[in-house]
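In: missing the sequence, but the structure's below:
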């Protein structure tokens with residue numbers, strides 16, 4: 001495990017802290033012809049080698065650096081716009097490389113697999129995983145269906161109103177529910193109060209800068225957001241409390 005953490009730390013430092021923006025821009029323009037791609041691979045190798053501390057055996061660090069470069073070339077070829085999906089895929093590929101290297105170094109694949117299986121087939125783990133997935137997409141759909149009458153009413157007041165970022169509400173809701181789910185599991189109920197207070201302050205600021213939007217629309221939209229937020233929070237709290245019943 002220590003090898004995995006050391007290589008992961010090396011990856012985070014090399015990929016996010018020691019890679020200047022100018023290098024990233026040049027790599028996107030020139031792909032494998034960019035000299036900074038090879039400079040970045042060099043940084044990955046040196047950082048992994050130093051942090052891993054296997055000074056008599058540089059092969060793991062060199063292998064990680066070379067695979068890191070190949071993954072970056074594939075990403076640069078197919079991801080021209082810097083999309084989220086490619087970013088996540090790129091980081092998963094790097095993590096798999098690090099995990100495989102750490103497993104080879106420690107030579108404990110069967111033991112690790114057995115531990116992973118024992119960890120997964122545990123009532124507490126399954127309850128937390130199931131609850132986590134429940135408070136994300138399923139609750140989003142449920143809250144969306146329950147608040148549809150108020151959305152329709154807002155559409156009638158101000159048709160084609162474009163006052164929200166695309167999917168922003170969905171992502172905000174999922175983030176809030178995930179935080180609340182974790183807070184309840186950890187019995188940190190006061191943190192939920194801070195979350196509600198922070199959101200209330202932002203909504204107050206929205207009302208202050210509303211401008212040309214009709215006051216009736218603003219008032220009803222505030223009620224709509226309040227109803228949706230309370231439904232969302234209630235679902236997250238209930239799901240977390242239900243998950244806690246299983247351990």
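Out: Noted; the coordinates are in hand. Quick caveat: nothing in here was measured; it's all calculated off a predicted structure. Numbering: from 1, shown residues only.
In: Going by C-alpha atoms from here, please, whenever you check contacts or count neighbours.
Out: OK.
In: Which residue of the protein lies farthest from its centroid?
Out: Relative to the centre of the chain, the most outlying C-alpha is that of residue 56, 37.0 Å out, by C-alpha atoms, centre = their mean.
In: Please report how far that residue lies from residue 134.
Out: Using C-alpha to C-alpha, to the nearest Å, we find residue 56 at a distance of 49 Å from residue 134.
In: What is the three-state secondary structure of the residue farthest from the centre of the chain?
Out: Assigned with DSSP: H, G, I helix; E, B strand; the rest coil, residue 56 falls in the coil class.
In: so who does residue 26 touch?
Out: Residue 26 sits next to 34, 36 when contact means C-alpha atoms under 8 Å, 6 or more residues apart in numbering.
In: For it, give me the pLDDT.
Out: Per-residue confidence (pLDDT) for residue 26: 89.
In: Can you list phi and psi of it for me?
Out: Recorded main-chain torsions at residue 26 are phi -60, psi -40, according to degrees, to the nearest 10.
In: Same check on residue 58?
Out: The phi and psi torsions at residue 58 (degrees, to the nearest 10) take the values phi -80, psi 0.
In: How about it: what's its closest non-neighbour residue?
Out: Using C-alpha to C-alpha, 6 or more residues apart in numbering and skipping the chain neighbours, the partner closest in space to residue 58 is residue 49 (6.3 Å).
In: thought residue 52 was touching residue 7?
Out: Yes - A contact is recorded between residue 52 and residue 7 when judged using C-alpha atoms under 8 Å, the distance being 6.5 Å.
In: neighbour-wise, which of those two wins?
Out: With other C-alpha atoms under 10 Å as the criterion, residue 52 and residue 7 differ in neighbour count, and residue 7 comes out ahead with 27 against 22.
In: buried stuff in the helix or strand hosting residue 142?
Out: For residue 142, the element it lies in under DSSP states H and E is helix 137-146. When neighbours are counted by 16 or more other C-alpha atoms under 10 Å, the buried residues of helix 137-146 are found to be 139, 140, 143.
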